[in-house]
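Undergrad: Got a predicted structure here, sequence first:
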Amino acid sequence: MPISFYRKIILFFIITSSSAQVEKEVAPPYHIKTISFVQNDQNIVPILKLGEGFQLQFDDLFGNEANYYYEIIHCDYNWNPSAIPKNEYLEGFDNQRIQDYTNSFNTLQIYSHYKLAIPNQFTQQLKISGNYMIKVLDESKEVLFSRKFILYEDLVTVPIQVKRARTVDNIEMKHNLDFTIKSNTITFQNPLKNIKVLLLQNGQLNSGIKNISPQYTIGNDLIYKYDSETQFWAGNEFLFFENKDIRSASNNVARIDSNTAIYGSFLYTNSARANFPYSFTQDVNGDFVVKNINAANGEIEADYAWVYFSLSAPTFRINKNIYVTGMFNNYNLTPEYKMDYNTKKGIYEKAILIKQGFTNFKYIVADNKGVIDSENTIDGNFYQTENDYTIVVYYRENIDRYDRVVGKGIANSINIIN
C-alpha cells in the first residue's frame, strides 16, 4: 500500500486519541447533591490564587459512609490533560480516600456530608497554575463526578470596562467587555500565539468565550476592543427562593407540604419575563447558601426538601427544552432538572430535591444536544442586568510545556457605560 495511506491512518489515530482526551465535567448521579467549592466557609467560583487552600464538599443521600477517592488532573487551555508528569504539578499523592465525612443530624433526609481539603496530609501542594479537573471516584475507581477549577498566578492585571453592545441590533440586550492585559513582570513573547484568554459570565466555566486574540498592542500592553467577539447576552436577574425554616412559607415559597416523608416547598409560579420591562431584584448571581435557621451547623443539620418549580410561558412553543439551573446544580442540563409541560394547567413544572437555605436559580432554554439558546431565553436579555464578569489570562512561552494562568480580572456590569 502507498505510504500516504499509512500516514492517513496514523493521523486519524492521533486526532481521535487527542480529541478523546478532552476532560469534560461528569455530572453526578442522583444521590450526590450540593457539590460546592468552599473557602472561608463560603461557596466560591473555583478560580483561586495558587497556594490558597479550599475544600470540595458534597452530600451522599444514601448516607452509608461510602468510600470515595479523588484524583487531580492538570489540563491545558482546552482541557486536554497536560503532558507533564503528576509529580511536577502535585506534591504528595492523590488517588486517596476522602476521610472527612459526617452523617446528617436530626434531618428527615439522611445523608453523609463529605469534605475534601486541598492541601491535605496526602496532597501537600498544587505546585503550578493552570486548569485542573478534580474527579471523585467510587470504590470501583469509576468516576462519580468531576469538577473544573483554575489556579492562577498574580503576574498580570486586567482592567475591564463593561459596555453596552457595540452592535446596534443588540444594544439593549448584550454586554461587551473591553479590556487590557498589563504586566510589569512578564515581557510577552509573540502574544498572538502565546497569550490566550477565557471570558466568563457569573463564573460559569462551561459557557465562556475563548480563542480571542489581542486586537493590537501598545508597548507591552495587550488591547482587546472588539465589537462582537467579546459580547455576552445580558440575561435577567436570577430568581430565588428561601426555605431556611423548612416548616414555614418564606420568600417566594407559596406553601409547605408536610404530609410526606420529606417536606415540600411549593414556589409561586414564575411568569416568563422576556416581554416585560426590566425590573431590578437583588441576587447573588447564581450562588446559593445552605442554612437551617433552627440549627448551628448547616453542613449536617440542614435538611433537604422537594422544591416545586412552576413556570408560565404561554408563548414558548419552540422545539426546545427548559431547565432549572444555578450554582446549586452546576448549571447541569440533565433530565433531573428538565421541566415538564402540564397540559391541564398550561404551565411547565419540575420537582427538584434541594438542600434548604437561600438559592438563586434561572430557567435555561437548550436543545436536545445541550446547546443553550441565550438569545431566546425565557426571561429575556436586558443591558441593565447586573452580572459578574471574569477574565482569565493564560500564557505559554515558546519553551514552556504547559499553559500557565498568569492572572485574572473581574468587573461588574453595575458600572456599565455606553
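TA: Received, thanks. Residues are numbered from 1 along each chain as shown.

Undergrad: Contact partners for Ile256?
TA: 246-249, 263-266 (C-beta atoms under 8 Å, 6 or more residues apart in numbering). Heads up, the C-betas are built off the backbone N, CA and C, glycines and all.

Undergrad: So it belongs to a strand, correct?
TA: Yes. Counting by DSSP: H, G, I helix; E, B strand; the rest coil, Ile256 falls inside a strand.

Undergrad: Can you tell me how far it is from Lys355?
TA: According to C-beta to C-beta, to the nearest Å, Ile256 stands 16 Å off from Lys355.

Undergrad: got the contact list for the residue positioned nearest the centre of the chain?
TA: For the chain, Gln204 is the residue whose C-alpha lies nearest the centre (C-alpha atoms, centre = their mean; 3.9 Å). Going by C-beta under 8 Å, 6+ apart, Gln204 touches 286, 331.

Undergrad: So the closest residue to Thr269 other than its chain neighbours: helix, strand or coil?
TA: Counting by C-beta to C-beta, 6 or more residues apart in numbering, Ser310 is the residue found nearest to Thr269 once chain neighbours are left out, at 4.3 Å. Three-state call for Ser310 (three-state DSSP): strand.

Undergrad: in the sheet, who's paired with Ser310?
TA: Glu349 (DSSP bridges).

Undergrad: dump the residue contacts of it.
TA: Per C-beta under 8 Å, 6+ apart, neighbours of Ser310: 267, 269-270, 345, 347-349.

Undergrad: again with Tyr394
TA: 77, 130, 195-198, 403-406.

Undergrad: what about it, which helix or strand?
TA: Element membership for Tyr394 (DSSP states H and E) is strand 388-395.

Undergrad: where does this structure have low pLDDT?
TA: Low-confidence segments of the chain, defined by pLDDT under 70, span residues 1-20.

Undergrad: Please parse it into its domains.
TA: 32-152, 160-234+385-412, 239-366 (the TED database).

Undergrad: And the strands in the stretch 201-350 of the chain?
TA: For the stretch 201-350 of the chain, the strands defined by DSSP state E, counting those that start in this stretch cover 209-210, 216-218, 221-224, 231-233, 239-242, 253-257, 264-267, 270-271, 288-290, 304-312, 321-325, 340-342, 347-355.

Undergrad: Would you reformat the domains of the chain as CSV and include distance to Ile378?
TA: As requested, the domains of the chain are exported to CSV (distance: least, C-beta to C-beta, whole Å):
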stretch, distance to Ile378
domain 32-152, 24
domain 160-234+385-412, 12
domain 239-366, 4
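
Undergrad: Of all these, which one is nearest Asp373?
TA: domain 239-366 (4.5 Å; C-beta to C-beta).

Undergrad: okay, how far is it across the closest one, tip to tip?
TA: 19 Å (C-alpha to C-alpha, to the nearest Å).

Undergrad: Tell me where this structure has helices.
TA: Along the chain, counting by DSSP state H, helices occupy 3-20, 86-89, 191-194, 298-301.

Undergrad: Give me the residues contacting the last one.
TA: Helix 298-301 is touched from outside by 57, 102-107, 113, 290-292, 295, 357, with contacts defined as C-beta under 8 Å, 6+ apart.

Undergrad: Mind listing the strands the strand holding Tyr394 pairs with, and their directions?
TA: strand 195-201 (antiparallel), strand 404-412 (antiparallel).

Undergrad: What are the contacting residues of the last one?
TA: What it means is strand 404-412. Everything outside strand 404-412 that qualifies as a contact, by C-beta under 8 Å, 6+ apart, is 47, 128-131, 150-162, 177, 179, 181, 183, 186, 386-396.

Undergrad: What residues sit buried inside it?
TA: 404-409, 411 (16 or more other C-beta atoms under 10 Å).

Undergrad: Would you mind putting these into JSON lines with distance to Asn376 alongside?
TA: Formatted as JSON lines, the buried residues of strand 404-412 follow (distance: C-beta to C-beta, whole Å):
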{"residue": "Arg404", "distance to Asn376": "38"}
{"residue": "Val405", "distance to Asn376": "34"}
{"residue": "Val406", "distance to Asn376": "37"}
{"residue": "Gly407", "distance to Asn376": "35"}
{"residue": "Lys408", "distance to Asn376": "31"}
{"residue": "Gly409", "distance to Asn376": "30"}
{"residue": "Ala411", "distance to Asn376": "26"}
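
Undergrad: ok, those residues vs Ile322, which is closest?
TA: Ala411 (29.8 Å).

Undergrad: Quick check: beta-bridge partners of the nearest residue to that closest one once chain neighbours are set aside?
TA: Excluding the flanking residues, the one nearest Ala411 by C-beta to C-beta, 6+ apart is Ile160, at 3.8 Å. Note on Ile160: beta-bridge partners Phe179, judged by DSSP bridges.

Undergrad: Tell me how many other residues surround Ile160.
TA: 20 (other C-beta atoms under 10 Å).

Undergrad: thinking it is in contact with Asp178, fair?
TA: Yes. Judged on C-beta atoms under 8 Å, Ile160 makes contact with Asp178 at a distance of 7.2 Å.

Undergrad: Any chance of the strands of the stretch 201-350 of the chain in CSV with distance to Lys362 as columns?
TA: Shown next, in CSV, are the strands of the stretch 201-350 of the chain (distance: least, C-beta to C-beta, whole Å):
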stretch, distance to Lys362
strand 209-210, 19
strand 216-218, 37
strand 221-224, 28
strand 231-233, 12
strand 239-242, 6
strand 253-257, 17
strand 264-267, 13
strand 270-271, 10
strand 288-290, 12
strand 304-312, 11
strand 321-325, 6
strand 340-342, 18
strand 347-355, 13
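
Undergrad: Val38: which of those is closest?
TA: strand 288-290 (10.0 Å).

Undergrad: so what strands line up beside the closest one?
TA: Under the rule (DSSP bridges), strand 288-290 has strand 357-366 (antiparallel) as partners.

Undergrad: Show me how far the strand it pairs with is from its chain's centre.
TA: Remark: strand 357-366 is offset 12 Å from the chain centroid, using C-alpha atoms, centre = their mean, to the nearest Å.
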